[in-house]
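# need the 3D shape of this:
(chains A and B)
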Amino acid sequence: MSTGSISRPARFEVWRLAVIYIAVILAFTGLLFKLINLQVVEGSNWATRATDNFTNEVSIPAPRGIIYDRNGYILARNVASYNVVITPASLPDDDSDIQRIYRELSAFIDVPVGGPVTDASLEEAKLFAACVPGPGISQFVALQDTLAPYSSVKIKCNVSEDIARIVKEKTVDWPGVSVEIEPIRDFPTGSLTSNVVGFLGPIPALFEQKFKDKGFVPNRDKVGYAGVESSLQDILAGRNGLRVVQIDVAGQELRNLEPPISSVPGHNVTLTIDTRLQAAAEASLLQEINYWNTYFGTNRISSGVVIAMNPKTGEILAMVSYPSYENNRFARLIPSYYYEQLSQDPRHPLLNNAISAEFPPGSVFKLSTATGAFNEKVIDLNTIIQAPGQLLLCEKFNPNDLCNDSNTRPFVDWIFEKNPAGFGQIDFQHCIAYSSNVCFYKLGGGFQDEIKQGLGIERLGQYASALGYNKRSGIQLEGEAAGLIPSPQWKRINTGENWSTGDTYIASVGQGYVLATPLQVLMSGATIANNGKLMQPTIVREVTDGEGNVVNMWFNPQDFTVSTEQTEGSYQISPFTPNMKWDITTTPMIQSYSCDGGYCSLNENELKIVAPETVAAVRGGTRLAVTDPRGTLQKLFKGFPIAVGGKTGTAEYCDDVAFKAQRCNFGSWPTHAWTLAYAPYEDPEIIVVAFAYNGGEGASVAGPIVERVLKAYFELKALDIEQGKTTFGQ
Amino acid sequence: MTRGLSWRNFDFLLLGAVVLASSLGTAMIRSAVAGNEILQPLIIRQVYFALLGGFVIFVVASIDYRYWLALYRPIYFGIMIFLVSLSSFGQSAFGAQRWFQVGVLFLQPTEFAKIVAIIVLARYFDKTQYQPKNLRWAFGGFLWAFGLIIWILLQPNLSNVIVLAIIFFAMLWINGLELKQVLYLGLAGIVLAGIAFPFLEPYQRQRVFTFLSQDSTATYGATYNVQQALIAIGSGGLFGKGYGHGTQTQLRFLKVRHTDFIFSAVSEEFGMIGAIVIILTLAFIVWRCIRAAQKARDVSGSMMAFVVAILIFFQGAVNIAMNLNIFPVSGLPLPFISYGGSGLTALMLGIGLVESVVMRHSQTEF
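Modelled structure (predicted):
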């Protein structure tokens, strides 16, 4: 108080204080401005991001449908596989407890505890994918702890059921440790049916968005890569369920934000395949291949195909493509060494050769030439053809080319080596029965005055297409090849040369540019066997839902889509309905040509049918091949209890493999063996085609395979009837 | 000691604002713990410190501030010993040594060093009030400040060095440093910052770089933390999500939410209303302190109250600016609100000094 009058209260210079006030006001106003901007102007934007932060969509996997054979035998199913996992957040607090758990667990599952967790050891552990052995338990857990402590990390994958059970019992003492059950696709029939059933793999990066849109989860859900697993993916996969949950920053699920949508299991698919017949077909094929390979002492026959079908319904009863692959090896992941091995194998085990490989059909193609020649009245039942051992024919590229020594060469019959005189005088049906090349050269290309006007390549193409060649069958399997029936235009475009008369001759016997898949050869035989009706080949018999109810399902072969109702271009696959592609005796589908002097011109808008008599005549020829003492199939089916009709084929080829081996020598090219047969002749219910790559003579290599499969079929049928089952009936 | 002492002059409005702010802070810390067991004990600890702080205000207010001025030597060297001893005995946290353990309490001498700096500098400017306000005068003050700054710089604790620099500069300014010198000092400061930048700790430089080039998709690190703070503030909207219902805070997406980013937690749960209350409360405290400074009977008292105002303003503004992503991330807490026993106690000490000044401002009312 005494000093009060002396020292006046300190005063600031007003302007200096004002500057301070202004600074304070400016600063707080600035903050306020930004605050309004964040909370009011951009508020909803940030609110969305806050929601994104705590919202997590959890996909509930849908179980994949099961694949059965026609008898209900399982071809593909889901089995449990056990992974030992640790959830870092659930481990005890005490470090010594954790170490004890690691030690005890390590002894059971043979994964090292791992040294102290250091930066270096973590960096190293980061290089390992889940399920790959390497890092210790400590490293696995430490990494997961920093990533998502409430999610489990796989410590050891695919442990045995025993270990899984022990670990499960121990989880009381080992908090944080648990057993995760992962569904794995299992194929009980393995390589026997792998070409039909296929296998699963991860969602390919290319289609990731497409599958994501359908609710699939990449890196978890698997999709079909081949066979019906791939083509019927949409039926088998089902629909994943969805839970929208609230999570905290560590990823712990707190509650459902929306009512969960449960998953819809995939439909089950029953195939038309009979596993027993499939096994018989594979055994027959392998037996024959091994027999000849042992006989020749080299790996002569490298691959082969057997297909069995009911010609009246189109049901594929067996489809064997050898070599195939073991699809169970792809159950967890696709091992690169195995995949490399398969994809680099020149025999293409990953391809289903029954539908994806094109070969020269050889003599089995004569059914097309015969049908065409008879229907176009190039020949009738009474015409007698001179069939010497070989024909000297000249190769004309233009109508006015003159025949001379330089363009004339011999076109030999297969009998020439055994009997240079050939078959002598034979009629139409014996031409088929003996498979006389000379006869079919004449029918296809004409010969002097004997056959003034041959069938010609244009008309041959029409009849071949009517029997199923030259386009995809539309079966429910991906990767089907279309085959090739050449035309003069095709030759000009693809080789730059004119069509020659020689081209027609060799096309008439299924050689030259003609290519076909084994399934197409089967279809051509089925059309004849079934009196002109070509049924849609099918591998699917029925689709059922999770409760066993049969589901209506249509399949569109153009884009491989399935739908529950009929759409343009689709055919019904469930419940089972035989679908007829066409009946050549009633459906006008043969383009009409006017032919003169070996050259044919198209009559537009004129379509005709194949006369029923034509089919009957050709059928008779196939029967004669078995019954005539000189028929190509006579020896094979001599004692066969059921009437069989069929056609053999020995197709010369020269592909890259044969060319590299320098086996393409003129006059002695390597040959594929073909045989096609159906039974019973009167009312066929099975048709079998066998193909042996580089097999040699059709009748002696492919023939026995067909014979054994037919035998197996009738034995199985008798067995089923004995047991009161009608497996092969409708 | 009781001469001129009148509780009538005690600024109850200032005390009220401080109590409001620290209650809000404690409540917010309780919410921000969000089930984290390690953070759980901090709630009650903050309550203890707040109560202790209230007690400190009354004790310090009742003591004439000039006694502290008289004791400047032991205080100054005492805190210096503490700061020095930190370098060898202090606990290392986050690579920087800022903590000193006394029993179960971790004390941050740096927080108290700021108060000591205020006392020492207030005394210096009181003593030199009739000297010419030239560079020599400024340098004399700087030497006093430097005695403390150097140890804080060595910790290293750059943000508090800057706080001290700002305090010192504000004192120079209000005491009438010539404009020309202000310009020189400003330029010198910029040059110094430029020279010093390469010598900063890597993490400090990183913070500046992170601030300058922000990657909003980061899933961790400083940018992530700031992004989460912005989401918390922005999603709070006008009225907030409600106490204990902020998803960013309760689900722990917001990091260091009880200290550095507590403003974001308030903004999320109480919205813009809550944020404005915080800003206005701080502004009110700043205003009451400056008002005390104007009323003070002598230069030293005036300086004390003024610098406490600057301290609260600067720390508050920088912290909020950091929450709003206007400034780079620094460790400066939000005054009275953020968790931190030493910080709160030191601030209460400062408020106590202000009250002490305002209570003894004049006798004219008699």
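# state the number of residues packed around whichever residue of chain A sits closest to chain B.
Nearest residue of chain A to chain B, counting by CB to the nearest CB: residue A:46, 2.5 Å away. The way it works is simple: take the backbone N, C-alpha and C, and place the C-beta from them, glycine included. Neighbour count of residue A:46, defined by other CB atoms under 10 Å in any protein chain shown: 21.
# thought it was touching residue B:231?
Yes. At 5.2 Å, residue A:46 counts as touching residue B:231 under the criterion of CB atoms under 8 Å.
# what sits against the closest residue in space to the residue of chain A closest to chain B that isn't next to it in sequence?
Leaving aside its sequence neighbours, residue A:46 sits nearest to residue B:234 (CB to CB, 6 or more residues apart in numbering or on different chains; 2.5 Å). Residues in contact with residue B:234 (CB atoms under 8 Å, 6 or more residues apart in numbering or on different chains) are A:38-39, A:42-43, A:45-47, A:49-50.
# give me that answer again for 10 Å
By CB atoms under 10 Å, 6 or more residues apart in numbering or on different chains, the contact list for residue B:234 reads A:35, A:37-50, B:248, B:264, B:267-268, B:324.
# which of the residues you listed fall in helices?
A:35, A:43-50, B:248, B:264, B:267-268 (DSSP state H).
# residue 210 is in what secondary structure piece?
Using chain A. Using DSSP states H and E, residue A:210 maps to helix A:208-213.
# that was the other one, I meant chain B.
helix B:202-212.
# relative to the whole chain's centre, how far out is that helix?
The chain centroid and the centroid of helix B:202-212 are separated by 22 Å, computed with CA atoms, centre = their mean, to the nearest Å.
# with stretch B:140-155 instead?
On CA atoms, centre = their mean, the centre of stretch B:140-155 falls 17 Å from that of its chain.
# that stretch close to chain A?
No. For stretch B:140-155, no contact with chain A is found by CB under 10 Å from any CB of the partner chain; the gap never falls below 16.2 Å.
# residue ranges of the helices in the stretch 1-150 of chain B, please?
Using DSSP state H, counting those that start in this stretch, the helices of the stretch 1-150 of chain B run over B:12-33, B:40-62, B:65-70, B:72-89, B:109-127, B:135-154.
# who's in contact with residue A:545?
A:65, A:238, A:264-268, A:551.
# average pLDDT for stretch B:358-366, rounded please.
On average, the pLDDT along stretch B:358-366 is 66.
# how about low-confidence regions in chain B?
Residue ranges of chain B with pLDDT under 70: B:1-5, B:87-106, B:212-222, B:362-366.
# my bad, the stretch 401-550 of chain A
In the stretch 401-550 of chain A (pLDDT under 70), no residue qualifies.
# residue A:104: how many residues sit nearby?
Neighbour number of residue A:104 under other CB under 10 Å is 14.
# that one should be in a strand, yeah?
No. Using DSSP: H, G, I helix; E, B strand; the rest coil, the assignment for residue A:104 is helix, not a strand.
# how about it: what's its closest non-neighbour residue?
With CB to CB, 6+ apart as the criterion, residue A:104 has its nearest non-adjacent residue at 7.1 Å, and that residue is residue A:174.
# how many residues are close by the one you found?
Residue A:174 has 22 neighbouring residues, counting by other CB under 10 Å.
# kindly report the same for residue A:51.
14.
# how about residue A:242?
Using other CB under 10 Å, residue A:242 has 15 other residues around it.
# what about stretch B:167-180, near chain A?
Yes. Counting by CB under 10 Å from any CB, chain A is contacted by stretch B:167-180 at B:170, B:173-177.
# need the CA coordinates for that stretch. PDB is fine.
In PDB, the C-alpha atoms belonging to stretch B:167-180 read as follows (Å, rounded to 0.1, in the frame of the first residue of the first chain):
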ATOM      1  CA  ILE B 167       7.000 -16.800 -24.800                       C
ATOM      2  CA  PHE B 168      10.200 -15.000 -25.000                       C
ATOM      3  CA  PHE B 169       9.400 -13.200 -28.200                       C
ATOM      4  CA  ALA B 170       5.900 -12.200 -26.900                       C
ATOM      5  CA  MET B 171       7.600 -10.600 -23.800                       C
ATOM      6  CA  LEU B 172      10.000  -8.700 -26.000                       C
ATOM      7  CA  TRP B 173       7.100  -7.500 -28.100                       C
ATOM      8  CA  ILE B 174       4.900  -6.400 -25.300                       C
ATOM      9  CA  ASN B 175       7.800  -4.700 -23.500                       C
ATOM     10  CA  GLY B 176       8.400  -2.500 -26.500                       C
ATOM     11  CA  LEU B 177      11.000  -4.100 -28.700                       C
ATOM     12  CA  GLU B 178      11.600  -1.700 -31.600                       C
ATOM     13  CA  LEU B 179       9.900  -2.700 -34.900                       C
ATOM     14  CA  LYS B 180      13.200  -2.700 -36.700                       C
END
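# show the contacting residues for residue 24.
You didn't pick a chain, so chain A it is. The contact partners of residue A:24, by CB under 10 Å, 6+ apart, come to B:282-283, B:286-287, B:290, B:309-310, B:313-314, B:316-317.
# um, chain B though
Contacts of residue B:24 (CB under 10 Å, 6+ apart): B:262, B:266, B:270, B:274, B:277-278, B:281, B:336-337.
# picking that back up, could you point out the helix or strand that follows the helix holding residue B:210?
Following helix B:202-212 in sequence, per DSSP H and E, is helix B:221-236.
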